[in-house]
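*Asks:* Here's a sequence, model it:
(one chain, ligands or ions: 1)
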Amino acid sequence: MINASLTELRAALDTRKISSAELATLFLDRIERLQPALNAFITVDRERALDAARAADARIAAGTAGPLTGIPLAHKDVFCTQGLLTSCGSKMLSNFVSPYDAHVVSLLKAAGTVMLGKTNMDEFAMGSSNENSHYGPVRNPWDTGRIPGGSSGGSAAAVAARMVPMATGTDTGGSVRQPAALTGITGIKPTYGTVSRYGMVAYASSFDQAGAFGASAADCALLLGAMTGFDPRDSTSLERPAADYTQALQSGASATTPLAGLRIGVPEEFFADGLDDDVRTAVEAALAEYRKLGAQTVAVSLPNARLAIPAYYVLAPAEASSNLSRFDGVRYGHRADSYSDLDDLYRKSRSEGFGAEVQRRILIGTYVLSHGYYDAYYLQAQKLRRLIAEDFRRAFTQCDVIAGPTSPSTAWAIGAKSDDPVRMYLSDIYTIAVNLAGLPGLSHPCGFGNGHLPVGLQLIGDYFDEARLLATAHGYQQATDWHLRRPALAD
Ligand code: GLN
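*Replies:* Numbers count the residues shown, from 1 in each chain. Coordinates of the predicted model:
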């Protein structure tokens, strides 16, 4: 059961091979065993999980179960969960119990999913390695001396280690796709505006988007499908007809060439200097496999992609500096024990509550927004953002999806990039442009590098083309077994 797909779990629950309560217990026990080695969770709530599982069992018995009823999951600790700690990986929120559920959490609750706990993450979702958490680093199940990627590293590690069959994450600059790649699982971030941001602690609001982690594209299709939908409480939530991603997995093409007719754009800029050889080899082999499945690869160019990192690391900190001003030690969150006056209260509470990376971003953001520098940095970065989106628009006149590596390297050793923020930022080179443009992106496993470490292939789609991304990855996964490989963990 631990390795079962969501469809297999559904069948097992429906045929009463296992109850939801038994399933939850199975995964909770596994979490307990693996948590000391991986540190993937911040909160595990056995009692609440078992209550939800029993309620799901009642729904299954009554014949009112949906596709995800009774299936365990974990939420990244960036999502507010009523009555349960929502720390966002920060000391600042280490005492924050949310009075309400995020939209994503309420949708998945209504679908009958069973939340086992909240996963570890980089503080306020800032990071690429999960070393910035107040709760300590998350470890990669394929090699516990290495990082799992970030900032949704807890969710990715939990799914990769099968502590849970599916999990939510958020992706502001790659935080679903990159950890999915480094832990050998599938992750999708939809078009900006597809999933409501209500109740998701804000990092950079014009980039933040929730996404789904699963073993396969088929699993992600089920989870993402249950997360999407219009929400009037998020002013950037889009009102669109409901999409059935699972239905869309069935392509009309033949069994041997399921991807016939698909044009895959391969940007030369994604294969230039800076890409590790082992990643390049695995990604090129995957592109060859895609051709075998009937797809055609075409060269495309994203000339401004190299400007994505500088643009992002101006814009995201700018938004973050504004969003994080609400954590002032007065309304909620951490407050310093002693202070002399109001200014001192703010200063001490924020200095104690925020970690080094968060403070760095607040300083950068405040600087680039300040009078005198706004035109030089913020405004320039906004212009680059438009140019990058234009690059994609042009590329999609030549192809249906874009493919390349998700990350320039496999998972690195814990500590290897911690004291060099610029090196850390460069690891986001292939994912960030997608968020600047607001496009959907998916990462799926496509091999191993450096002997034993997973490599991910990124698929980028045009706006609202999540269904095509999932169907493309599904076609690949029907013909290959990288997504079925599991790390060897003592259990
Ligand atoms: N690594 C990027 C950052 O540190 C992206 C993080 C994210 O997507 N939440 O900002």
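*Asks:* Ignoring the adjacent residues along the chain, who's closest to Leu6?
*Replies:* Asp219 (4.6 Å; CB to CB, 6 or more residues apart in numbering). Heads up, the C-betas are built off the backbone N, CA and C, glycines and all.
*Asks:* Now do the helix or strand containing that neighbour: which elements does it pack against?
*Replies:* Element membership for Asp219, per DSSP states H and E: helix 217-227. Counting by 3 or more CB pairs under 8 Å, 6 or more residues apart in numbering; DSSP states H and E, the packing neighbours recorded for helix 217-227 are helix 6-14, helix 103-110, strand 186-189, strand 210-214, strand 441-449, helix 466-479.
*Asks:* let's see 7 Å
*Replies:* If you count contacts as 3 or more CB pairs under 7 Å, 6 or more residues apart in numbering; DSSP states H and E, helix 217-227 packs onto helix 6-14, helix 103-110, strand 186-189, strand 210-214, helix 466-479.
*Asks:* and the ligand, which of the ones you listed is closest to it?
*Replies:* strand 186-189 (8.5 Å; CB to the nearest ligand atom).
*Asks:* surely Leu307 meets Arg385?
*Replies:* No: counting by CB atoms under 7 Å, Leu307 stays clear of Arg385, with 9.3 Å between them.
*Asks:* near the ligand at all, the one helix or strand in the chain whose mean pLDDT sits lowest?
*Replies:* One helix or strand of the chain scores below all others by mean pLDDT, DSSP states H and E: helix 421-426, with a mean of 91. No: Helix 421-426 is not in contact with the ligand by CB under 6 Å from any ligand atom; minimum separation 7.0 Å.
*Asks:* what's around Tyr367, how many residues?
*Replies:* 17 (other CB atoms under 10 Å).
*Asks:* Not counting sequence-adjacent ones, nearest residue to it?
*Replies:* Spatially, and ignoring its direct neighbours in sequence, Tyr367 is nearest to Tyr373 (6.1 Å; CB to CB, 6+ apart).
*Asks:* residue at max distance from the center of this protein?
*Replies:* Ser340 (41.5 Å; CA atoms, centre = their mean).
*Asks:* and it, what element?
*Replies:* Short version, using DSSP H and E: Ser340 is in no helix or strand.
*Asks:* so what's it up against?
*Replies:* Neighbouring residues of Ser340 by CB atoms under 7 Å, 6 or more residues apart in numbering: there are none.
*Asks:* give me that answer again for 10 Å
*Replies:* Applying CB atoms under 10 Å, 6 or more residues apart in numbering to Ser340 gives the contacts 347-348.
*Asks:* what does the one 4 residues further on give?
*Replies:* For Asp344, the contacting residues are 336, 338, taking CB under 10 Å, 6+ apart as the criterion.
*Asks:* Surely Met121 and Gly149 touch.
*Replies:* No: checked against CB atoms under 10 Å, the pair Met121 and Gly149 is beyond contact range at 11.1 Å.
*Asks:* Could you pull out the residues contacting both of these two?
*Replies:* 127, 130, 138, 175, 179.
*Asks:* count of neighbours near the fourth one?
*Replies:* Ser175 has 36 neighbouring residues, counting by other CB under 10 Å.
*Asks:* For the ligand, what's the nearest residue on the stretch 351-491 of the chain?
*Replies:* Nearest residue of the stretch 351-491 of the chain to the ligand: Asp428, at 4.7 Å (CB to the nearest ligand atom).
*Asks:* Can you report how many residues neighbour that residue?
*Replies:* Counted with other CB under 10 Å, the neighbours of Asp428 add up to 25.
*Asks:* For it, what is the enclosing helix or strand?
*Replies:* Per DSSP H and E: Asp428 is located in neither a helix nor a strand.
*Asks:* Provide the secondary structure category for Pro148.
*Replies:* What DSSP: H, G, I helix; E, B strand; the rest coil gives for Pro148 is coil.
*Asks:* Tell me if I'm right that it and Ser175 touch.
*Replies:* No: assessed by CB under 10 Å, Pro148 is found out of contact with Ser175, at 11.3 Å.
*Asks:* Quickly list what's touching both of the two.
*Replies:* 130, 155-156.
*Asks:* which of these tops the neighbour count?
*Replies:* Ser155 (40 neighbours).
*Asks:* and the next element down the chain from the strand or helix carrying that one?
*Replies:* Here Ser155, judged by DSSP H and E, is contained in helix 153-160. Downstream of helix 153-160, the first helix or strand assigned by DSSP H and E is strand 167-170.
*Asks:* and that next one, what does it pack onto?
*Replies:* Here strand 167-170 touches strand 72-76, helix 103-110, strand 114-119, helix 153-160, helix 177-183, strand 186-189, strand 210-214, helix 217-227, going by 3 or more CB pairs under 10 Å, 6 or more residues apart in numbering; DSSP states H and E.
*Asks:* Tell me which residues are up against the following helix or strand past the last one.
*Replies:* Past helix 217-227, heading to the C-terminal end, the next element that is a helix or strand (DSSP H and E) is strand 263-267. Surrounding strand 263-267, the residues in contact under the criterion CB under 10 Å, 6+ apart are 283-284, 287, 290-291, 295-303, 305, 391-392, 395-404, 430, 433, 459-460, 472.
*Asks:* Buried among these? Make that a PyMOL selection.
*Replies:* In PyMOL, a selection of the buried entries from those looks like this (16 or more other CB atoms under 10 Å):
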select buried, resi 283+284+287+290+295+297+300+302+305+391+392+395+396+399+400+401+402+403+404+430+433+459+460+472
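*Asks:* Among the contacts of strand 263-267, which lie within strands?
*Replies:* 296-300, 401-404, 459-460 (DSSP state E).
*Asks:* Tabulate those residues (CSV), appending distance to Met163 and pLDDT.
*Replies:* Conversion of the ones in strands among the contacts of strand 263-267 to CSV gives the following (distance: CB to CB, whole Å; pLDDT from 0 to 100):
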residue, distance to Met163, pLDDT
Gln296, 39, 98
Thr297, 36, 98
Val298, 40, 98
Ala299, 41, 98
Val300, 38, 98
Val401, 31, 98
Ile402, 32, 98
Ala403, 30, 98
Gly404, 30, 98
Leu459, 26, 98
Ile460, 29, 98
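*Asks:* Could you dump these into CSV and include distance to Cys80?
*Replies:* Below are the ones in strands among the contacts of strand 263-267 laid out as CSV (distance: CB to CB, whole Å):
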residue, distance to Cys80
Gln296, 45
Thr297, 43
Val298, 43
Ala299, 44
Val300, 40
Val401, 33
Ile402, 34
Ala403, 35
Gly404, 34
Leu459, 30
Ile460, 30
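*Asks:* Output those of the residues you listed also counted as contacts of the ligand.
*Replies:* Of the ones in strands among the contacts of strand 263-267, not one also sits near the ligand (CB under 6 Å from any ligand atom).
*Asks:* so which residue of the stretch 251-400 of the chain comes closest to the ligand?
*Replies:* For the stretch 251-400 of the chain, CB to the nearest ligand atom, closest residue to the ligand: Ala316, 5.4 Å.
*Asks:* That residue - that's part of a strand, no?
*Replies:* No: under three-state DSSP, Ala316 sits outside any strand and is assigned helix.
*Asks:* and His418, what is it in contact with?
*Replies:* In this structure residue 418 is Ser, not His. Applying CB under 10 Å, 6+ apart, the residues contacting Ser418 are 127, 129, 131-132, 137, 147, 356-357, 424.
*Asks:* Check Ile364 too.
*Replies:* Contacts of Ile364 by CB under 10 Å, 6+ apart are 313-314, 316-318, 320-321, 377, 421.
*Asks:* Which member of the residues you listed is positioned nearest Leu9?
*Replies:* Of all the contacts of Ile364, Leu9 sits closest to Ala316, with 36.4 Å by CB to CB.
*Asks:* Could you report the separation of that closest one from Leu442?
*Replies:* Distance of Ala316 to Leu442, given as CB to CB, to the nearest Å: 21 Å.
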